[in-house]
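Asker: Quick one, structure for this:
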Amino acid sequence: MEACGERGMSVAKQENPAAARFARWMLGRAVRYWPEKNRSWGLALAAEIDETTSAFEAVRWSLGGIRFFTRSVVSSAWAWMKLPAGGSLPGGADGPEGPLLLPRRSRLFTTAVLAAAAFLLALPEGREAMRTVRSSWQDFQQTGTDLRKLDELAARAEKEKDAGTLAFVALSTDDSKRASELIEQAVSLDPQYVWAYAAENRRIGADSGQPDWPAQLQAADPGNAVPLLLAADRLVEPRVEAIVLHGPPLGTEEKVLASDPKWVALMEMAYTAPRYDSYFQKHSQLTREVWNREKNLSPAIAVAGLWRHEMPSLLHIKIFSQIKIADAKKERAAGDLEGAARLLGQVDRFGVRMADSSGTKIEQLIALSLARNAEREMVDLYSNAGRAEETEKATAQREKIEARMLGMRWGSDPDAGARVKRFRREATIVQVSAILGLASGLGALAGILWLEFRPGRRAKQQAIWRRLSCWAADYAPAAFLAASGAFLLSFLPYQRALAEYRASNYRVIDQERLMDALWSLISFPEAVLGVDAAVAFWASVTIALSALLLIVLVRGFYRTRRATANPA
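Answerer: Residues are numbered from 1 along each chain as shown. This is a model prediction of the structure:
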């Protein structure tokens, strides 16, 4: 039997197939990472595998050992999770008693609390809240992430021949050259997006790459004053740019514009056009369509394009109204009352058409001011001429316009004022909870990492930092969860404002609610600290740092005194 056994062993060792070698290697690797608590069992299993007489038996023995190893690892991991952060199992690096200072809460409790907070923030509502608040911290300026998202949208739209998304990206990007290229592609795919040329933001020195876009726009939208006004602005842009850059005497721009017959002719045609549409409604509707399709867009992308929406020069519109009123005064001085009334009527009707359009609020206010000035001159014209009936009509029209202007002023609408105050209160809670959540989350992470990776045997030398880390590991996760919950609950009014804007069909109240909501997030420091928010903020930072420095100096002084009084 002994000879036979020796012969069997020698045969197994001689054969030594690949399966047996792999089984021995796998069990050897398991022993290397076997938990210390029952490591002796692993060593025994590894030693016994050499006694197997066949490859099948070696593989079966190894698999049994691996199962035992898995149960041991799971059991040790569960025991480790029930210890506080920084604690180690018996036989760990910190010795049998472990470090002197440990948190009160177990790793399991800490992990569960942090996982609950992460789950809240990972919800669609949480992601939207984080995107919006992060954008507000950047004053809704586009970040590198936003620019990459725009590039991704543009690439996909080019591939899918999506003219609407191309136009949206063009109106949302800061790159004027890229915007012009995208608009050209959009118009070539679908000519209805020719209005995007008018909405594209054109800063001084930058213009659309397509040279004949004003003519295209006039042909596509006849009867609209805006293409004519934009053509007039483009005509005098080089001279206006020179005036702005060199700063000539006041009134130079008015004289330059009035002396240009082509500009005057275009403005005359615009003032007599039957409609005024600056395409803001089309732009808003396009934003809604893309935003509903791309739910993960940040407000910095979705709304920034609307905030930069181009419109005709309101200054040039006002200058031309002054030219018309001055011509009316000349007609009146010459005794032609009907001619004067006709010129003033043109200004009044243009202002009313512009105010009744679906444009921005600033356009409507400027338009009403034009109509009011014309009506004032009309009242003076008819009253001096003794025409009581016309004077009464002009006075009533002027009062109607002034009442409308008064209703658009800040604070004139009680509901709007209450809405703004409500959003500002909510913004304080949102921003404070976001800041506390960020601070507590980072504090929890820093405390746990410090406890886990700093050796406990050096606790005496780093007692203060270890106490702070224990305190952070105990309380920061719960604070993070509470702040995350408060953050999501306080953001609900903003979420409703965003959802109502995306779902509405260009209702003014939804537009205003969204703008009030976003601006309240930006104005948070001012609402809390007052108008001099920056001064108050940096003063508080200076005071806090000074107090910290004083504490460090005092503590160092007392430690030095104790060391002197008790020499080693």
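Asker: Need the three-state assignment for Ser278.
Answerer: Secondary structure, DSSP: H, G, I helix; E, B strand; the rest coil: Ser278 is coil.
Asker: what's the answer for Ser72, then?
Answerer: Secondary structure for Ser72, judged by three-state DSSP, is helix.
Asker: Report the helix or strand with the lowest average pLDDT across this structure.
Answerer: helix 2-15 (a mean of 41; mean pLDDT, DSSP states H and E).
Asker: if I look at the residue sitting nearest the centre point of the chain, how far off is Glu128?
Answerer: Nearest residue to the geometric centre of the chain (CA atoms, centre = their mean): Ser135, 2.4 Å. As judged by CB to CB, to the nearest Å, Ser135 and Glu128 stand 11 Å apart. In short, each C-beta sits where N, CA and C put it, glycine included.
Asker: need the contact list for the residue nearest to the centre of the chain.
Answerer: 298-300 (CB atoms under 8 Å, 6 or more residues apart in numbering).
Asker: do the same with Pro124
Answerer: Lys295.
Asker: Report pLDDT for it.
Answerer: If you check Pro124, the pLDDT there is 91.
Asker: Give me the distance between it and Leu498.
Answerer: From Pro124 to Leu498 the distance is 12 Å (CB to CB).
Asker: Ala232 too?
Answerer: From Ala232 to Leu498 the distance is 37 Å (CB to CB).
Asker: Please enumerate the helices of the stretch 51-200 of the chain.
Answerer: 55-81, 107-122, 124-137, 144-160, 163-172, 176-189, 196-199 (DSSP state H, counting those that start in this stretch).
Asker: Could you name the helices and strands sitting against the strand or helix carrying Asn373?
Answerer: Using DSSP states H and E, the secondary-structure element containing Asn373 is helix 361-384. Counting contacts by 3 or more CB pairs under 8 Å, 6 or more residues apart in numbering; DSSP states H and E, helix 361-384 packs against helix 314-333, helix 337-355, helix 388-408.
Asker: Which pLDDT does the model give Gly42?
Answerer: 63.
Asker: meant to ask about Ala563, not that
Answerer: 63.
Asker: can you check Phe56 too?
Answerer: 67.
Asker: ok, now Glu237?
Answerer: pLDDT, read off for Glu237, is 79.
Asker: Report the contact partners of Lys324.
Answerer: 271, 343-344, 346-347.
Asker: cool, and Trp195?
Answerer: Taking CB under 8 Å, 6+ apart, one finds 217, 220-221, 279, 282 in contact with Trp195.
Asker: of Ala232 and Leu498, who's got more company?
Answerer: Per other CB atoms under 10 Å, whichever of Ala232 and Leu498 has more neighbours is Ala232, with 27 against 23.
Asker: Can you list the buried residues in the strand or helix carrying Ile464?
Answerer: Per DSSP H and E: Ile464 is located in helix 463-490. By neighbour count with 16 or more other CB atoms under 10 Å, helix 463-490 contains the buried residues 466, 469-470, 472-484, 486-488, 490.
Asker: How about stretch 117-126?
Answerer: 117, 120-121, 126.
Asker: related to what we said a few turns ago, any chance of the helices and strands packed on helix 361-384 in CSV, with mean pLDDT and distance to Leu189 too?
Answerer: Putting the helices and strands packed on helix 361-384 into CSV (pLDDT from 0 to 100; distance: least, CB to CB, whole Å) gives the following:
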stretch, mean pLDDT, distance to Leu189
helix 314-333, 92, 32
helix 337-355, 93, 32
helix 388-408, 90, 39
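Asker: Would you mind giving those as JSON lines with distance to Ala155 added?
Answerer: Below are the helices and strands packed on helix 361-384 laid out as JSON lines (distance: least, CB to CB, whole Å):
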{"stretch": "helix 314-333", "distance to Ala155": "36"}
{"stretch": "helix 337-355", "distance to Ala155": "39"}
{"stretch": "helix 388-408", "distance to Ala155": "42"}
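Asker: So for Lys82, which of those sits nearest?
Answerer: helix 388-408 (64.8 Å; CB to CB).
Asker: Show me how far whichever helix or strand comes after that closest one is from its chain's centre.
Answerer: Moving toward the C-terminus from helix 388-408, the next helix or strand (DSSP H and E) is helix 414-453. Centroid separation for helix 414-453 versus its chain: 15 Å, with CA atoms, centre = their mean, to the nearest Å.
Asker: Which strands or helices does helix 414-453 pack on?
Answerer: Using 3+ CB pairs under 8 Å, 6+ apart: helix 414-453 touches helix 107-122, helix 124-137, helix 463-490, helix 492-503, helix 508-522, helix 524-529.
Asker: To Leu550, which of those lies closest?
Answerer: For Leu550, the closest of the helices and strands packed on helix 414-453 is helix 463-490, at 16.8 Å, according to CB to CB.
Asker: any idea of the angle the closest one forms with helix 124-137?
Answerer: Relative orientation of helix 463-490 versus helix 124-137 (axes from the mean of the first three to the mean of the last three CA atoms, to 10 degrees): 110 degrees.
Asker: Next up, the contacts around Pro191.
Answerer: Applying CB under 8 Å, 6+ apart, the residues near Pro191 are Ala220.
Asker: do that again at 10 Å, thanks
Answerer: By CB atoms under 10 Å, 6 or more residues apart in numbering, the contact set of Pro191 is 163, 216, 220.
Asker: What about those residues, which one has the most neighbours?
Answerer: Top of the contacts of Pro191 by neighbour count (other CB under 10 Å): Ala163, with 21 neighbours.
Asker: Redo the buried residues of stretch 117-126 as TSV? Include distance to Glu338.
Answerer: Shown next, in TSV, are the buried residues of stretch 117-126 (distance: CB to CB, whole Å):
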residue	distance to Glu338
Ala117	76
Leu120	72
Leu121	70
Gly126	67
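Asker: Relative to Val74, how far out is Gln192?
Answerer: On the measure of CB to CB, Gln192 and Val74 end up 63 Å apart.
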